[in-house]
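*Asks:* one predicted model, sequence on top.
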Amino acid sequence: MFNIGLSSCGKAVNEQLFQQYKDADIKCMELSIKPDSIDYTETKAIAEKYGITLWSLHLPFTPFHVIDISNPDLAEYSVEYFKNIIKNALPLGVKIFVIHPSGEPIDNSQRQIRLDCAKQSLKKLGAFAEENGVTIAVEDLPRTCLGRNSTEILELISVHPNLRVCFDTNHLLGENLEDFIKNVGNKIVTTHVSDYDFIDERHWLPLEGKVDWQKVISSLKEVGYNGPWLYEIGFKYRDRVLTTHDFYENAHKLFELKK
């Protein structure tokens, strides 16, 4: 149905991790790491050795008082910081860079100002990414963050034709997941898969929350999504430690669900 992908979620990215991905038939990795903690050339070589696609790299999003493309006082620095990371990461061969459109909290009185600032930042990053043959994927976010529904996401990515969307399945608190998918459509180029209780983000394994996974999968197929089914869940999980095989088994439970 979809290739299975998995975020490194802060785990040490080394040969052992790539071996674990291969053993569990996980095809794609999103690098979610400190940018200065990895040798990009070596990592690419190990990924090729084990047949793992380095699908995406999650750009840093904390601390909010330092990095925030929606904050007029921080936007210029944040854009240049992200440009530098993207440029340095090009040897990896990663084609998608996931970005948070804001930090939080954002007061309603400041929302339009922050939205306009984020759009200007994304316009610059979209152009820079296009020049380097890669794509910026803007992630939907919860609570007071920007991008908390399809209307805001579409406005954010409207400023440059190279901007796309990372659909996080546990961030929407005010919009139905299937409606979001339908509205954003083929602008979705990657996913962050996890479950939640519709109250706040939880990053639970699917089938441990309230998401109707059959509807989500059907909706993604209807809009022509052909990227990976990419989990964003920490390996240190609730009352246990997850393995790559846990994600493989979970994905196939979801793919085999019947109505």
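*Replies:* Now that the structure is in, tell me what you want to look at.
*Asks:* list the contacts of the top helix by length along the chain.
*Replies:* The longest helix of the chain (DSSP state H) is helix 111-131. With contact meaning C-beta atoms under 8 Å, 6 or more residues apart in numbering, helix 111-131 is reached by 69-72, 75, 78-79, 82-83, 86, 97, 99, 101-102, 106, 135-136, 138, 146, 152, 155-163. (C-beta placed from N, C-alpha, C; glycine too.)
*Asks:* gap between it and the chain center?
*Replies:* In terms of C-alpha atoms, centre = their mean, to the nearest Å, the centre of helix 111-131 is set 17 Å apart from its chain centre.
*Asks:* average pLDDT across that helix?
*Replies:* When pLDDT is averaged along helix 111-131, the result is 98.
*Asks:* ok, stretch 10-24 next?
*Replies:* 95.
*Asks:* next, report how far it is displaced from the centre of its chain.
*Replies:* On C-alpha atoms, centre = their mean, the centre of stretch 10-24 falls 19 Å from the chain's centre.
*Asks:* tell me how far the ends of it are from each other?
*Replies:* End-to-end distance for stretch 10-24, by C-alpha to C-alpha, to the nearest Å: 19 Å.
*Asks:* with stretch 145-156 instead?
*Replies:* Distance across stretch 145-156, first residue to last, is 12 Å (C-alpha to C-alpha).
*Asks:* mind checking how far it is from the chain centre?
*Replies:* For stretch 145-156, the distance to the chain centre is 15 Å (C-alpha atoms, centre = their mean).
*Asks:* buried residues, it. List them.
*Replies:* Residues 145-150, 152-154, 156 are the ones in stretch 145-156 that count as buried (16 or more other C-beta atoms under 10 Å).
*Asks:* looking at those, which is nearest E201?
*Replies:* C145 (10.2 Å; C-beta to C-beta).
*Asks:* what about the closest one, which SS state?
*Replies:* coil (DSSP: H, G, I helix; E, B strand; the rest coil).
*Asks:* look up how far G10 lies from it.
*Replies:* 20 Å (C-beta to C-beta, to the nearest Å).
*Asks:* repeat that for I38.
*Replies:* In this view, I38 and G10 are 12 Å apart by C-beta to C-beta.
*Asks:* ok, the two, which is more surrounded?
*Replies:* A side-by-side neighbour count of I38 and G10, using other C-beta atoms under 10 Å, places I38 first with 18 against 13.
*Asks:* just to check, that one is in contact with M29?
*Replies:* No: shown here, I38 and M29 do not form a contact pair, counting by C-beta atoms under 8 Å, at 11.8 Å.
*Asks:* okay, and the common contacts of these two?
*Replies:* V13.
*Asks:* who touches L156 in this structure?
*Replies:* By C-beta under 8 Å, 6+ apart, the contact list for L156 reads 101, 115, 118-119, 122, 138, 146-147, 163.
*Asks:* now L230, nearest residue through space, not along the chain?
*Replies:* Closest residue in space to L230, ignoring its immediate chain neighbours: G5 at 3.3 Å, by C-beta to C-beta, 6 or more residues apart in numbering.
*Asks:* typo on my end, G103
*Replies:* Going by C-beta to C-beta, 6+ apart, G103 has F64 as its nearest residue, at 3.1 Å.
*Asks:* on that earlier part again, quick check: which element contains the residue nearest to L230?
*Replies:* strand 4-7 (DSSP states H and E).
*Asks:* partners of that strand in the sheet?
*Replies:* Strand 4-7 sits in its sheet next to strand 28-31 (parallel), strand 229-231 (parallel), going by DSSP bridges.
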